[in-house]
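S.K.: sequence unavailable; structure follows:
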């Protein structure tokens, strides 16, 4: 069965410092992995996706994530945080080979950016 | 290109009533999925539709139902509302079943 664990429920960084949001997944097959961001009272915006191509995935707004199969991880990083990055971030796994394309969401990481 | 449109954005209903939420996918997208978001349970999968067929259903009671029309627009219905149905309901569309999903802004349902 698929599952996603976001290791931190809250992360605080200072503006201009690096961001690291951690995600581990469990999947029986070769999963598709995504990171989405949700700003207050908004829907979810796709940041980036991994679908078995390059293991280092670049997304929007300077975010990137590295797929590490040996560690079953898909951590999200950004070199320099901006105030506008403050939001909730969700790691998502989808396992098409399991017969369903539904998303399994992590519990979210709330990112706070300090001035 | 217009994004995923959900209507209405906000709803207040009384226990026992029923409600219908609407979702218009991105033009050309044939797959629509619905998710419920609550502070306690997070984001949970409700349904998945492709070409008017329900492909998968999450672990929700039969009071939750949905459908997809020939133009790919989708509706979900919740009957006999309970206080615990208060949530943000998110609709997502994708071109096919195996491509990334784009989410609408959601419908905030409050049951009183």
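M.R.: Noted; the coordinates are in hand. Quick caveat, the model's predicted, so the values are computed rather than measured.
S.K.: and the residue nearest to residue B:63 when sequence neighbours are not counted, how many neighbours does it have?
M.R.: Nearest residue to residue B:63, sequence neighbours excluded (C-beta to C-beta, 6 or more residues apart in numbering or on different chains): residue B:79, at 4.9 Å. Glycine gets a C-beta too; all of them are placed from N, C-alpha and C. Using other C-beta atoms under 10 Å in any protein chain shown, residue B:79 is surrounded by 14 other residues.
S.K.: residue A:71 too?
M.R.: Residue A:71 - counted by other C-beta under 10 Å - has 10 other residues nearby.
S.K.: which residues does the closest residue to it other than its chain neighbours bridge with?
M.R.: Closest residue to residue A:71 apart from its sequence neighbours, by C-beta to C-beta, 6+ apart: residue A:24 at 7.6 Å. Applying DSSP bridges to residue A:24 gives these bridge partners: residue A:5, residue A:73.
S.K.: cool, residue B:103 as well?
M.R.: residue B:92.
S.K.: count the neighbours of it for me.
M.R.: 22.
S.K.: do the same with residue B:44
M.R.: Residues near residue B:44, counting by other C-beta under 10 Å, number 18.
S.K.: in which helix or strand would I find it?
M.R.: Under the criterion of DSSP states H and E, residue B:44 resides in strand B:42-50.
S.K.: wait, does whatever helix or strand comes next after that strand make contact with chain A?
M.R.: Per DSSP H and E, the first helix or strand lying C-terminal to strand B:42-50 is strand B:53-57. Yes. Using C-beta under 8 Å from any C-beta of the partner chain, strand B:53-57 reaches chain A at B:55, B:56.
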